[in-house]
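1. structural data only, the sequence is not supplied:
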């Protein structure tokens, strides 16, 4: 499965929706099959998935993301225990400052920020 997930991100046709689904798939696998959780964590630490995700999705599409995509990406990072790079955090907050989250999205964001121990920017607060 790990090769298939990496192949998804490497595909030229993989946009932010495609990559976001690959990330959510990892979250679902981790939740549904607890025995896979440590394997997924190992995969995330050793593979190029997260750096590639950050480069391909966050650097390219994050500034165009809507409120659902923003909350979903951050929530997925937290669910997987992955702290994004300072650059991605900066881009995320920059975009998030210009959208209005619905109640569920905002609660997901607050939970993710707390879990990842990321301090919100003044403008986001």
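-> Sure, I can see it. Bear in mind that the values here come from a model prediction, so they are computed numbers and not experimental data.
2. what is the helix or strand where residue 91 lies packed up against?
-> Of the helices and strands defined by DSSP states H and E, residue 91 is found in helix 86-96. The contact analysis (3 or more Cβ pairs under 8 Å, 6 or more residues apart in numbering; DSSP states H and E) places helix 86-96 against helix 59-61, helix 67-79. (Glycine included, C-beta is placed from N, CA and C.)
3. now distance to residue 96 too, for the ones you listed, in TSV please.
-> Conversion of these to TSV gives the following (distance: least, Cβ to Cβ, whole Å):
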stretch	distance to residue 96
helix 59-61	14
helix 67-79	5
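4. tell me which of those sits nearest to residue 120.
-> Minimum separation from residue 120 across the helices and strands packed on helix 86-96 (Cβ to Cβ) falls at helix 67-79, 11.0 Å.
5. could you pick out the longest helix of this structure?
-> When secondary structure is assigned using DSSP state H, the longest helix within the chain turns out to be helix 16-32.
6. any idea which residue sits dead centre in this structure?
-> Centroid-nearest residue in the chain, with Cα atoms, centre = their mean: residue 73, separated by 3.2 Å.
7. how far away is that one from residue 51?
-> Here the distance between residue 73 and residue 51 works out to 15 Å (Cβ to Cβ, to the nearest Å).
8. with residue 72 instead?
-> Residue 72 sits 19 Å away from residue 51, going by Cβ to Cβ.
9. more neighbours: which of the two?
-> Neighbour totals were compared for residue 72 and residue 51, and residue 72 leads with 21 against 10 (other Cβ atoms under 10 Å).
10. and the residue nearest to the more buried one when sequence neighbours are not counted, how many neighbours?
-> By the measure of Cβ to Cβ, 6 or more residues apart in numbering, the closest residue to residue 72 outside its immediate chain neighbours is residue 20, 6.3 Å from it. Residue 20: 20 surrounding residues under other Cβ under 10 Å.
11. next one: residue 112
-> Residue 112 has 19 neighbours, counted by other Cβ under 10 Å.
12. run through the residues that contact it.
-> For residue 112, the contacting residues are 71, 74-75, 77-79, 118, by Cβ atoms under 8 Å, 6 or more residues apart in numbering.
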